[in-house]
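Q: generate coordinates for the sequence data below:
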Amino acid sequence: METTVIVPTYDERENIERLVALLLELPIEPRVIIVDDNSPDGTGELAERLAGEHPGRITVIHREGKLGLGTAYIAGFRQALADGSEVIVTMDADFSHPPEVIPALVAKIGEGYALVIGSRYVAGGRTVGCTLDRQALSWGANAFTRILLGLQAHDTTAGFRCYRREVLASMPLEEIFSNGYSFLIEMLYKVQQRGWRIGEVPITFENRREGVSKISRNEITRAFYTVARLTWERLRGARQ
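A: Sure, this is the predicted structure:
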């Protein structure tokens, strides 16, 4: 299956070259779309150099500023769909998502799943290099989200995902209200609401090796707001 990996970037110069090299070496031979939000550290320029070195394998989307993770994914989705990709993977650039697991995600899509998540919270999954406070926050946020929204997946906030083309082509992406990391919650909710089959593959989530985390208190606040809004939507639908 023709596979594309979408990597949103903002100040990831320390990571992007090594990550791209690993992606291009994968046996499934994916294409790579880098969506750069005008990184001050020159990530976009480095990405263009890599695209020139690997014609046909790397596409770079340059955006005028830091416009949010959700809109970065949507820009990547649209490009991948236009390119004819059958399977679209999303991942972070900071090595928290192990690129060597991508073939397993794609293989599970081949088993009939529409969305496959690289999961910390299924048997065999784990987190390393994170503080206990951050692990507790992540686990609590996932439990909170799963209960209120009735989600079947265990890792509801994971950005390491693999989508079948038909899922994204059928989604009204322009109607996704959330941006930032809360976009991931809303996408998962809407995929499940439409009856698509969702699976998970265990991963070892490793805290970023280089650079600075992009998760802020505002992102956490927006995520809680998104869960509350979608919960109300779910309850209102049940009453109708």
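
Q: give me the low-pLDDT residue ranges for the protein?
A: Residue ranges of the chain with pLDDT under 70: 208-217, 238-240.

Q: need the longest helix for it.
A: helix 217-239 (DSSP state H).

Q: just checking, what packs against that helix?
A: In terms of contacts (3 or more Cβ pairs under 8 Å, 6 or more residues apart in numbering; DSSP states H and E), helix 217-239 is packed against helix 132-149, helix 182-193. C-beta here means a position set from N, CA and C on the backbone, and glycine is covered the same way.

Q: would you mind putting these into CSV with mean neighbour count and distance to residue 103 alongside?
A: Listed next are the helices and strands packed on helix 217-239 as CSV, based on neighbours: other Cβ atoms under 10 Å; distance: least, Cβ to Cβ, whole Å:
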stretch, mean neighbour count, distance to residue 103
helix 132-149, 15, 25
helix 182-193, 22, 22
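
Q: which stretches of the chain form helices?
A: Under DSSP H, the chain gives helices at 13-24, 43-53, 69-82, 102-109, 132-149, 165-170, 182-193, 217-239.

Q: now render the ones you listed as JSON lines, adding distance to residue 120.
A: Output for those, formatted as JSON lines (distance: least, Cβ to Cβ, whole Å):
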{"stretch": "helix 13-24", "distance to residue 120": "19"}
{"stretch": "helix 43-53", "distance to residue 120": "26"}
{"stretch": "helix 69-82", "distance to residue 120": "18"}
{"stretch": "helix 102-109", "distance to residue 120": "14"}
{"stretch": "helix 132-149", "distance to residue 120": "8"}
{"stretch": "helix 165-170", "distance to residue 120": "22"}
{"stretch": "helix 182-193", "distance to residue 120": "13"}
{"stretch": "helix 217-239", "distance to residue 120": "16"}
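
Q: to residue 60, which of those lies closest?
A: Residue 60 lies closest to helix 43-53 among the helices of the chain, at 4.5 Å (Cβ to Cβ).

Q: next, the angle helix 13-24 makes with the closest one.
A: Orientation of helix 43-53 against helix 13-24 (axes from the mean of the first three to the mean of the last three Cα atoms, to 10 degrees) gives an angle of 30 degrees.

Q: pull the distance from helix 43-53 to the chain's centre.
A: 21 Å (Cα atoms, centre = their mean, to the nearest Å).

Q: grab the nearest non-local neighbour of residue 185.
A: Of all residues not flanking residue 185 in the chain, residue 226 sits nearest, at 5.5 Å (Cβ to Cβ, 6 or more residues apart in numbering).

Q: I'd guessed residue 178 sits against residue 222; true?
A: Yes: taking contacts as Cβ atoms under 8 Å, residue 178 lies within contact range of residue 222: 7.2 Å.

Q: more crowded one of the two?
A: residue 178 (22 against 19; other Cβ atoms under 10 Å).

Q: please name the residues that touch the closest residue to the more buried one other than its chain neighbours.
A: What sits nearest to residue 178 in space, not counting adjacent residues and going by Cβ to Cβ, 6+ apart, is residue 186, at 4.3 Å. Residues in contact with residue 186 (Cβ atoms under 8 Å, 6 or more residues apart in numbering) are 176, 177, 178, 226, 230.

Q: give me phi/psi at the first one?
A: I take that to be residue 176. Backbone torsions for residue 176, taken as degrees, to the nearest 10, come to phi -70, psi 120.

Q: nearest residue to the middle of this structure?
A: Residue closest to the average C-alpha location in the chain (Cα atoms, centre = their mean): residue 159, at 3.0 Å.

Q: gap between that one and residue 57?
A: 22 Å (Cβ to Cβ, to the nearest Å).

Q: please save the CA atoms from stretch 148-155 in CSV.
A: Output of stretch 148-155 as CSV, limited to C-alpha atoms (Å, rounded to 0.1, in the frame of the first residue of the first chain):
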residue,chain,number,x,y,z
LEU,A,148,-16.7,10.8,29.1
LEU,A,149,-16.6,10.2,25.3
GLY,A,150,-17.1,6.4,25.4
LEU,A,151,-13.9,5.8,23.4
GLN,A,152,-12.8,2.3,22.8
ALA,A,153,-9.1,3.1,22.2
HIS,A,154,-6.9,3.2,25.2
ASP,A,155,-4.4,5.9,24.0
